[in-house]
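> how would this look folded up:
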Amino acid sequence: MSLHETIKGELKESMKAKDAVKLRTVRSMLTAFMNEMVATGRTPQDMLKDEEVLAVIKRLAKQRKESITQYETNARPELAEPEKEELAVLESYLPKLMSQDEIRPIAEAKKAELGINDKSKMGMLVGGVMKELAGKADGGDVKVVVESLF
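Predicted coordinates:
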């Protein structure tokens, strides 16, 4: 069973369980999946591949994180709370990201491989590490690790 089908099934489960947060989040995911299918010229009956589903969920999680930051900087914790709840549900579908300690050896190896010695080529190193990790690590964490190497 694909991830898309699994999430569709969880819509019914969250309705039966009367879990409002999960229901709201699953509905928003399914809407985003539908939008993705329309944008790529497919019909609503089609299913997204697992990679596409994860990309959409990552995008939704990033939106939630940005909203939380905005609400907290503007002293609106009552608006940030539902976003945090939805983010927790979204993150439950995403694979666990690598820690900075796990990223460091890969970044050091890539630095040696590319022969980068000065800070001016740091962007190239970050790009190389991100390409190698292919979604297994957060870009912010990779940037922090690469900056610490110089």
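
> okay, CA-based contacts and neighbour counts for the rest of this
Noted.

> tell me the average confidence for the lengthiest helix in the chain?
For the chain, the longest helix by residue count, based on DSSP state H, is helix 50-73. Mean pLDDT, helix 50-73: 91.

> Now do the domain split for this structure, please.
3-93, 100-148 (automatic domain parsing).

> ok, of these, where does mean pLDDT dip lowest?
What stands lowest among those, in mean pLDDT terms, is domain 100-148, with a mean of 81.

> Between the two ends of that domain, how far is it?
End-to-end distance of domain 100-148 (Cα to Cα, to the nearest Å): 11 Å.

> Count the neighbours of the nearest residue to residue 61 once chain neighbours are set aside for me.
Closest residue to residue 61 apart from its sequence neighbours, by Cα to Cα, 6 or more residues apart in numbering: residue 87 at 5.7 Å. Neighbour count for residue 87, taken as other Cα atoms under 10 Å: 20.

> just residue 102 next, same as before
12.

> What helix or strand is it located in?
helix 100-114 (DSSP states H and E).

> Following the chain past that helix, name the next helix or strand.
Counting by DSSP H and E, what follows helix 100-114 is helix 122-133.

> list the helices and strands that next one packs on?
helix 100-114, helix 139-148 (3 or more Cα pairs under 8 Å, 6 or more residues apart in numbering; DSSP states H and E).

> Centre of the chain to it, how far?
18 Å (Cα atoms, centre = their mean, to the nearest Å).

> now it against helix 139-148, angle please.
130 degrees (axes from the mean of the first three to the mean of the last three Cα atoms, to 10 degrees).

> Count the neighbours of the closest residue to residue 107 other than its chain neighbours for me.
With sequence-adjacent residues excluded and distances taken as Cα to Cα, 6+ apart, residue 107 is closest to residue 129, at 5.9 Å. Residues near residue 129, counting by other Cα under 10 Å, number 24.

> go on, the one 4 residues further on?
A total of 17 residues lie near residue 133 under the criterion other Cα under 10 Å.

> Make 36 the starting number, not 1.
Got it, first residue is 36 now, which makes that one residue 168.
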